[in-house]
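> Fold the following, please.
(one chain, ligands or ions: 1)
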Amino acid sequence: MGKKNKEKVILFCDGKKCCKYNSEIKECFKDLVQEAGLTDIVTVQKMKCQGFCKSAPIICIHKNECVGNVSTQDAKKLFEKHIA
Ligand code: FES
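Coordinates of the predicted model:
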């Protein structure tokens, strides 16, 4: 109950390099958010190239926790650690 602000954000890099790899991860995050019933709280957004293309795909949680070479398994771990 109480107010629900969209207070958590998952950012995925939509730059040229990352977007080749991140569509599966993006879907994975969206599914996780939905399964956890957190669509009111969590936003999944894209961001521009972060300059870490060598580590594509890049995902950032809350704009300050950025991770590279993210796999769908990493996505689950990140979600459990930072969001769920
Ligand atoms: S394209 Fe994602 S960091 Fe450059």
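> Can you get me a residue count around the closest residue to the ligand within the chain?
Ranking the residues of the chain by distance to the ligand (CB to the nearest ligand atom) places Gly15 first, at 2.4 Å. Any C-beta I mention is one placed from the backbone N, CA and C, and that applies to glycine too. Gly15 sits with 20 neighbouring residues when counted by other CB atoms under 10 Å.
> Do you have the strands of the chain handy? List them.
When secondary structure is read from DSSP state E, the chain shows strands at 8-13, 42-47, 59-61, 65-67.
> Generate JSON lines for the ones you listed, with mean neighbour count and distance to Phe79 as supplementary columns.
Supplementary listing: the strands of the chain in JSON lines, determined by neighbours: other CB atoms under 10 Å; distance: least, CB to CB, whole Å:
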{"stretch": "strand 8-13", "mean neighbour count": "21", "distance to Phe79": "8"}
{"stretch": "strand 42-47", "mean neighbour count": "16", "distance to Phe79": "9"}
{"stretch": "strand 59-61", "mean neighbour count": "21", "distance to Phe79": "9"}
{"stretch": "strand 65-67", "mean neighbour count": "15", "distance to Phe79": "12"}
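> Pipe those strands into JSON lines and attach mean pLDDT and distance to the ligand per row.
As requested, the strands of the chain are exported to JSON lines (pLDDT from 0 to 100; distance: least, CB to the nearest ligand atom, whole Å):
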{"stretch": "strand 8-13", "mean pLDDT": "95", "distance to the ligand": "3"}
{"stretch": "strand 42-47", "mean pLDDT": "94", "distance to the ligand": "8"}
{"stretch": "strand 59-61", "mean pLDDT": "94", "distance to the ligand": "10"}
{"stretch": "strand 65-67", "mean pLDDT": "92", "distance to the ligand": "9"}
